[in-house]
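**Student:** quick one, fold the following:
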Amino acid sequence: MRILLPLLALLAIGALASAQIERLTLQQMVEKTDGAVRGEIIGREVHRVAHPHPEAGPLYFTSLLVQGKSLVDGTAQTVTVSYPGGFIDGEQGVWNSEAPTDAETAVGKDVVVFYKWSADMGGGFASNALYASHGGLFTVFEARRGGSIVQGRGDGYAVAKNQRIADLASEVARIAREKKQREGEGK
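**Tutor:** The predicted structure is shown next:
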């Protein structure tokens, strides 16, 4: 045990040293993800998963069920996206500084989510990972003069400035078509 604790501490420090915030343009976000959906959050659930090292305690993941339309091709789509952290109740769960807020992920919220499949997000938990955690979720609101607006998050985020959902969908679809064409040429 005396040897194991210092070893675990060194591994944790090494992991933190390589951790970094990823700045993404919309082009980069679409290139790195499997899809994007604009829709309503119709379900939210926190999962408790056994940690591979039982002494570390359980892992927690929040899953959102989003029903709407693909920004890639406009088809109706319902997708589950997950991210690390969340609370089952006041005592069971874990906070994650990179997770979106409870207000952003409330059932009934209109959102845009970017996701990428992960066969193991931790402890064998497989899901579509919300790409870049909170950086892959954007709130949508209705403008006073009509039309839906995606709320930008600032410099370094895929959606930096507020923009009409129609404009975002058009740009995502264009980038996805170019990505698919390049992948087809590579075969």
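
**Student:** now do the residue nearest in space to the middle of the chain against R48, distance only.
**Tutor:** The centre of the chain sits closest to L130, judged by CA atoms, centre = their mean, with a distance of 1.6 Å. Separation of L130 from R48 (CB to CB, to the nearest Å): 18 Å. Glycine gets a C-beta too; all of them are placed from N, C-alpha and C.

**Student:** helix or strand right after the worst-scoring helix or strand of the chain on mean pLDDT?
**Tutor:** Every helix and strand of the chain was ranked by mean pLDDT, DSSP states H and E. The lowest is helix 4-18, at a mean of 41. Per DSSP states H and E, the first helix or strand lying C-terminal to helix 4-18 is helix 26-32.

**Student:** show me what that next one is packed against.
**Tutor:** On a contact count with 3 or more CB pairs under 8 Å, 6 or more residues apart in numbering; DSSP states H and E, helix 26-32 meets strand 110-118, helix 165-185.

**Student:** try it again with 6 Å
**Tutor:** Other elements packing on helix 26-32 under the criterion 3 or more CB pairs under 6 Å, 6 or more residues apart in numbering; DSSP states H and E are helix 165-185.

**Student:** buried set for the helix it packs on?
**Tutor:** 165, 168-169, 171-173, 175-176, 179 (16 or more other CB atoms under 10 Å).

**Student:** sorry, back to before: from P58, how far out is the residue nearest to the centre of the chain?
**Tutor:** Applying CB to CB to L130 and P58 gives a distance of 20 Å.
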